[in-house]
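**Q** pasted the sequence and its predicted model underneath.
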Amino acid sequence: MDFSIIFGNAARAAFGPEAVILALAAIGLNVHFGYTGLLNIGQVGFLLLGAYGTSVSVATFGWSLWAGVVVGLLLSVAFAVALGIPTLRLNTVMFAMVTIAAAEIIRILIGSTDAIGLTGGPLSVSFDAGAFYDLNPYPDGPHDRYGIGTFEFTGQQLWVITVGWLLVALVTAGVVMLVRSPWGRVLKSIREDQDAARSLGKNVFSYKMQALVIGGAIGGMGGVIDAIKTSGADPNGFRPQVTFFAYTALLLGGSATYLGPVLGAVLFWFLREWIESFLRQIVEEAWLPDVVAEFFDGAEGVISVAMVGVALILLMLLRPQGIVGNRTEMQLDAR
Amino acid sequence: MRRGVVLVGVALIVLAAWAAPGLAQDEGEPDQSEPTVLTGTLRLGFDQFFAGVEITAADESGTRVGQVTTDQDGRWTIEVPAAGDYLVTLNEQTLPEGISLREGHQSTTEATVLQGASRAVVFAVGEAPKGTPFGERAAQTVFNGLKFGLIIAMSAIGLSLIYGTTGLVNFAHGELVTFGAVIAWYFNTSWGGLNLVLAALAAMVVCGLLGAGMETGLFRPLRRKRLWIFQLLVVTIGLSLLGRQLIQLFFGPEPLPYTDFQVQQRWEFGPWAVTPREVVTVVAIIAVLVGAGLVLQFSRFGKATRAVSDNPGLAEASGINVNRVVLWVWVLGTTLAGLGGVFQGLDTDIDPFLGFQLLLLIFAGVELGGFGTAFGALVGSLIIGMSTEVSTLWISPELKFVVPLAALIGMVLLRPQGLFGIKARVG
Amino acid sequence: MPDELTPQADSEQREAALPPADGGVPAIEPAPADGGVPAIEPILTVPHEPGAPKPDPILEVDGLSRSFGGLLAVDVDHLEVQRGATTALIGPNGAGKTTLFNLLSGFERADTGHWSFNGEAVTNPSADGLARKGMIRTFQLTKSLAKLTVIDNVLLGAPRQRGEKLWAAPFPNRWRSQEEANTERAEALLERFNLAHMRDELAGTLSGGQRKLLEVARALMADPVLIMLDEPMAGVNPALAQSLMHHITQLVYEGLSVVFIEHAMDVVTGISDWVVVLAQGQVIAEGPPWKVIHDDQVIDAYLGRRRAGAAR
């Protein structure tokens, strides 16, 4: 058994573009849920609009990639506004249901054969993200690799994750500046008790809307990175469980903490890939009786996602505040 | 109409395999000299072949690699540049009048072809339902809607009652439905090959035990710990993921049918053409629901359930053993959910996502009727099932699930307490 | 969770905590001699009857009603609340006191009726809009923001904060000076309500009584013109209750108008200038406390029922 391969793979996943996308989705959720208490379980809808906004603008309308990025972000903002106007007055559970239903509706519509002309429908859509890779400063020959062992990236991948993690850093800094201000204090007061905030003259609807738009746009950025990374978008990549993964990352790291969503996303992908690699090695090295090995063979991905489920349950039971969260704060929730 | 004549469908698939005789050998030993092709034959039954139908192949990135029209024997062949995954699309506009893809079949399918191999791609075509008069189609969709609504209702009652008595919104409820379908499949096939009726009964028992286990082993202790509602929600989401993956691990990702009741002659009742299987489904669910309704309405257990839903503290104080009531609610709910899964599996075959696909529809039904009431869940689910199926009269079947989701959103916005809920209950 | 945080414990504590009534003699403290504040005297000339007009009303209500499922919870023909006075709103359980508060402060929609606040007609009442105009209320079940620190709780109350605007929030230089001034004021309020030592604790760790004080401090931070307290003494221990009563009487001298809901008659007679009695949603009596508590109708509707309750 070669643990350097396992850890290399895990590290590559932990710092790869998937982790960037998950981190952005989770930061958005942190603004929604962590600070404002909005239980958005349709975050994947924002990612979808970011990704499809970018892809369709370039692939179908022939606009430049940068215009596409702007369109993707605008679409996720528009979704936040459209979703928020009728729903922000609802209670937590009702709001949650509407968000997941709305995200599913968009996915069904975009992925239908009727939409082939616009979005590619079930065929998915692809475009040329050359404008992004033209800026790549890393030499990207067929043999250029960066990293050690299995922890290595091509020049293009390295460029995507450089930009991606820079974006994560910028967004995190922005969120920190916002929530440290009196504005952030109002958000937290809404999370704690919106009637108290109203009784002190805060326009709760307006603040919730601002939070929904900001968190949604951050999720949209994740979608844009996803589109650029894969040079396209596929409706199957935006199923409801993407949102649940983002919540796992957020809760793993710690809700309503500055670095929680980022650490959580890194850890999420590290653990998932570690488990998958580990199982693959076990199967390859024939440590196990054939029957068991056969059972695991090809099911590594399925098992690692099952572990996400286990992680969610254990987290809620054992450490609901996450890695960097504050235990006392969490206990005050038990009302 | 949903399945067309099942016999013919099976025959078609057999024929398609026969139509590409070289398939097996070619896949086994890739041969550089042979061209790599996608191929197929468009036919209905043994004597109808469709010419002039446009078929397009595209590679994974969506780039078109070839387009042909079928010849007079309905045959088509597209040579592709390399091995790989391709998306093959049939242009429905070019099908002859009165012929269309069969319901549930997409105009685009994915096909993997090996180097030098010939891969057969099957498009199942049939008499277009549009050929039948609107009234008849409407009658048929209403029946389908009734059947689908009843399946949702059966699965929904547990979700609604559990919410009513404990306030838990169980995202893992869909997996309970899948679990019922899958366990019945095992009893039906590898574990003794029981007749499906017996297999379904056995699955109900297993589901009930699982429900009892979940309540006593997990949710009761969690209630005692007074977890915040959000934590409970996340626990159920985790359970849902775990359950679905475990089912996929053991059962596999591919849809599989039960061994019984697959091929049946349709009975004609006026405008309806239904299989005995479908009739049994509808009658059995109605019988079970009436039974459950009577129990909930008149038995001590039913009254206790309502009392606990109303005010658990008061119920406890007036001598009702709340934990026991909740336990039986779980048992009843999971048993019904599992049975709902069996019927859904009978209708569409069983796959690990069967229940998860139903989950949002179950939510929609429960919300429509008003959370926490069994009767509301029944009526709401029927409306959801009916509107989903009837909508296919006007919109593409691919989009039919938009209808119940939109209904869910509309209901939440306009009347969050549901049709039969009491306003004060909703915060 | 500590027991004292639960509502039941609150009410038990209240019954036990309050000092016995001292005979029903009104204990109105005289207004300060300089008369810089709207005086209490004018109100003493007002007729002691429901709907009596006041010389300088801060709140005027007309035809206000609200029903729940056919049951009329609030049905107020006419009511005026005098500026610069302490008005107690009393009545038996279920009389509609809190509902009236909710309607006036925009937390619930009225079925009929209109009202004016501070000389301005309230069209389209919204809770936050009314609060920004200076009508600040507190809640029967305290709404302390558990996961915010005590000082943040109070700071939240400050009105017109520049840093609460999204575009200014990321730039501390745009709001730091105001925040510092607010912090100073908030600290003074904490001092005044004996909460200074808890400044940086999470509000969720406070005792029930301390939360009541915190809520009043937070309300004062909002620069109210009219402050509406829903059972401010409930769950507060005797020593704190005394000081809270003192604080409330103090508010009037600072120019505020106070309306409060209270069950304990000694508190009512101790600090109110004027009492409005609500029963079954209607104003059945108004007058100075010493007059009202001897009113037969009031005794029937309220005290009578209370005695019966006490005897049981």
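**A** Arrived safely.

**Q** where does the chain dip in pLDDT?
**A** Reading this off chain A. Scanning chain A with the threshold set as pLDDT under 70 gives A:326-335.

**Q** oops, chain C please
**A** In chain C (pLDDT under 70), the answer is C:1-44, C:302-312.

**Q** could you redo the last one with a cut-off of 50?
**A** C:1-38, C:306-312 (pLDDT under 50).

**Q** ends of stretch A:142-154, how far apart?
**A** Distance across stretch A:142-154, first residue to last, is 8 Å (Cα to Cα, to the nearest Å).

**Q** which strand or helix spans B:Pro230?
**A** Rather than Pro, residue B:230 is Phe. Assessed by DSSP states H and E, B:Phe230 sits inside helix B:229-251.

**Q** try C:Ala88
**A** Per DSSP H and E: strand C:86-90 holds C:Ala88.

**Q** in CSV, list the C-alpha atoms belonging to the helix or strand that that strand is followed by.
**A** Downstream of strand C:86-90, the next assigned helix or strand under DSSP H and E is helix C:97-104. C-alpha atoms of helix C:97-104 as CSV (Å, rounded to 0.1, in the frame of the first residue of the first chain):
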residue,chain,number,x,y,z
LYS,C,97,-53.4,43.9,25.6
THR,C,98,-50.5,42.3,23.7
THR,C,99,-52.6,42.2,20.5
LEU,C,100,-53.2,45.9,20.9
PHE,C,101,-49.5,46.4,21.2
ASN,C,102,-48.8,44.3,18.2
LEU,C,103,-51.3,46.3,16.1
LEU,C,104,-50.1,49.7,17.2
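
**Q** helix C:97-104 and chain A, are they touching?
**A** No. Judged by Cβ under 8 Å from any Cβ of the partner chain, helix C:97-104 stays clear of chain A, getting no closer than 9.9 Å. The way it works is simple: take the backbone N, C-alpha and C, and place the C-beta from them, glycine included.

**Q** got the angle for the helix or strand following that helix vs helix C:97-104?
**A** Remark: after helix C:97-104, the chain's next helix or strand is strand C:112-117, criterion DSSP H and E. Comparing the axes of strand C:112-117 and helix C:97-104 via axes from the mean of the first three to the mean of the last three Cα atoms, to 10 degrees yields an angle of 80 degrees.

**Q** pairing partners for the helix or strand just after strand C:112-117, with directions?
**A** Using DSSP H and E, the helix or strand that follows strand C:112-117 in sequence is strand C:120-121. Its sheet considered, strand C:120-121 pairs with strand C:112-117 (antiparallel) by DSSP bridges.

**Q** buried sites along the partner strand?
**A** Using 16 or more other Cβ atoms under 10 Å in any protein chain shown as the test for burial, strand C:112-117 gives C:113, C:115-117.

**Q** same question for stretch C:209-221.
**A** Buried, per 16+ other Cβ under 10 Å, within stretch C:209-221: C:209-221.

**Q** cool, stretch A:260-273 as well?
**A** For stretch A:260-273, using 16+ other Cβ under 10 Å, the buried residues are A:260-273.

**Q** circling back to that earlier point, does the helix holding B:Phe230 reach chain A?
**A** Yes. Contact of helix B:229-251 with chain A (Cβ under 8 Å from any Cβ) involves B:229-235, B:237-243, B:245-246, B:248-249.

**Q** before we move on, what about stretch C:220-230?
**A** Yes. Stretch C:220-230 reaches chain A (Cβ under 8 Å from any Cβ) through C:Ala222.

**Q** C-alpha coordinates for that stretch, CSV please?
**A** The C-alpha coordinates for stretch C:220-230 follow below in CSV (Å, rounded to 0.1, in the frame of the first residue of the first chain):
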residue,chain,number,x,y,z
LEU,C,220,-33.6,53.1,24.9
MET,C,221,-30.6,53.0,22.6
ALA,C,222,-33.0,53.4,19.7
ASP,C,223,-33.9,57.0,20.8
PRO,C,224,-37.6,56.3,21.4
VAL,C,225,-40.3,59.0,21.6
LEU,C,226,-42.7,56.5,22.9
ILE,C,227,-41.6,53.3,24.6
MET,C,228,-44.0,50.4,24.9
LEU,C,229,-43.0,47.7,27.4
ASP,C,230,-44.8,44.4,27.4
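
**Q** do a quick rundown of the helices in the stretch 51-200 of chain B.
**A** B:134-166, B:173-188, B:196-214 (DSSP state H, counting those that start in this stretch).

**Q** mind putting those in a markdown table, mean pLDDT included?
**A** Supplementary listing: the helices of the stretch 51-200 of chain B in a markdown table, determined by pLDDT from 0 to 100:
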| stretch | mean pLDDT |
| --- | --- |
| helix B:134-166 | 88 |
| helix B:173-188 | 94 |
| helix B:196-214 | 93 |
